[in-house]
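Student: Below are the sequence and a predicted model for it; my questions follow.
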Amino acid sequence: MDRTNIKTDAAAPAAGPYAQAVRAGDLVFASGQLPIDLSTGGFPEGVEAQTRRSLANLSAVLEAGGASLASVVKTTVFLKDMNDFSAMNAVYAEHFPGAAPARSTIEVARLPKDALVEIEAVAIATGPVAA
Ligand SMILES: C=C(N)C(=O)O
C-alpha cells in the first residue's frame with residue numbers, strides 16, 4: 001500500500017509525534033488541526049476565529065496531500081465546550097458550501113495547548129502530493 005507522510009509549511013506544524021496528514025492510496029487522513037496562527041504561533045481569540053484557523057490549517061494540509069476541503073468525506077470536530085456548537089457550525093458551514101461531509105462532533109475535557117477546537121478529516125485525493 002502506498003503511504004506518504006504529508007509535511008507542509010503552509011499549515012501549523014504537528015504539535016507532537018504525528019504526521020500533519022498521511023496519504024494512503026487515494027485517501028488523505030489529516031490529523032486534528034489546532035487553530036495555530038502561523039504568523040503568531042498562538043491561537044486567535046474565540047471559537048469562531050479558532051474554527052476558521054483550524055479549517056485553514058486543515059485546508060493547507062489537505063492541499064499538500066493532493067486533496068481539498070471540497071473532497072472531504074468525513075470530519076471529526078473536537079470542542080472544549082459544546083456550548084460553542086452553534087458558533088462553530090456557522091463558520092464550519094461557510095467552508096463546506098456543497099454537499100457537506102459526514103461529521104462527528106465531540107466535547108472533550110481538554111485539547112492540546114488548551115485550544116477551543118480541533119478538526120480532523122478524511123478526504124479523497126484528487127491530485128498528486130505537493131512537491
Ligand atoms: C493535535 C493533535 N492532532 C494531536 O495532538 O494529536
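Tutor: That came through fine.
Student: which residues does the residue in the chain positioned nearest to the ligand contact?
Tutor: The shortest separation between the chain and the ligand is 3.4 Å, found at G32 (distances taken as CB to the nearest ligand atom). C-betas here are computed from N, CA, C, even on glycine. Under the criterion of CB atoms under 8 Å, 6 or more residues apart in numbering, the contact partners of G32 comprise 76, 78, 118-120.
Student: host element of it?
Tutor: Under the criterion of DSSP states H and E, G32 resides in strand 27-33.
Student: average pLDDT for that strand?
Tutor: With pLDDT averaged residue by residue, strand 27-33 scores 98.
Student: Next, the buried residues of that strand.
Tutor: Within strand 27-33, the residues that qualify as buried by neighbour count (16 or more other CB atoms under 10 Å) are 28-33.
Student: Need the max-distance pair from the residues you listed.
Tutor: Taking CB to CB, the two most distant members of these are V28 and G32; they sit 14.0 Å apart.
Student: intersection of neighbour lists for those two?
Tutor: Residues within reach of V28 and of G32 at once, by CB under 8 Å, 6+ apart: there are none.
Student: Show me the strands in this protein, by range?
Tutor: Secondary structure of the chain, counting by DSSP state E: strands at 3-6, 21-24, 27-33, 72-79, 102-107, 117-124.
Student: Could you list the paired strands of the fourth one along with their orientation?
Tutor: In the sheet containing strand 72-79, the strands it pairs with under DSSP bridges are strand 102-107 (parallel), strand 117-124 (antiparallel).
Student: same deal with the third one?
Tutor: Partner strands for strand 27-33, per DSSP bridges, with pairing direction: strand 21-24 (antiparallel), strand 117-124 (antiparallel).
Student: circling back to that earlier point, identify whichever of the strands of the chain lies nearest to F96.
Tutor: Once the strands of the chain are compared by CB to CB, strand 72-79 is nearest, at 7.3 Å.
Student: roughly how far is that closest one from the heart of the chain?
Tutor: For strand 72-79, the gap between its own C-alpha mean and the chain's C-alpha mean amounts to 8 Å (CA atoms, centre = their mean, to the nearest Å).
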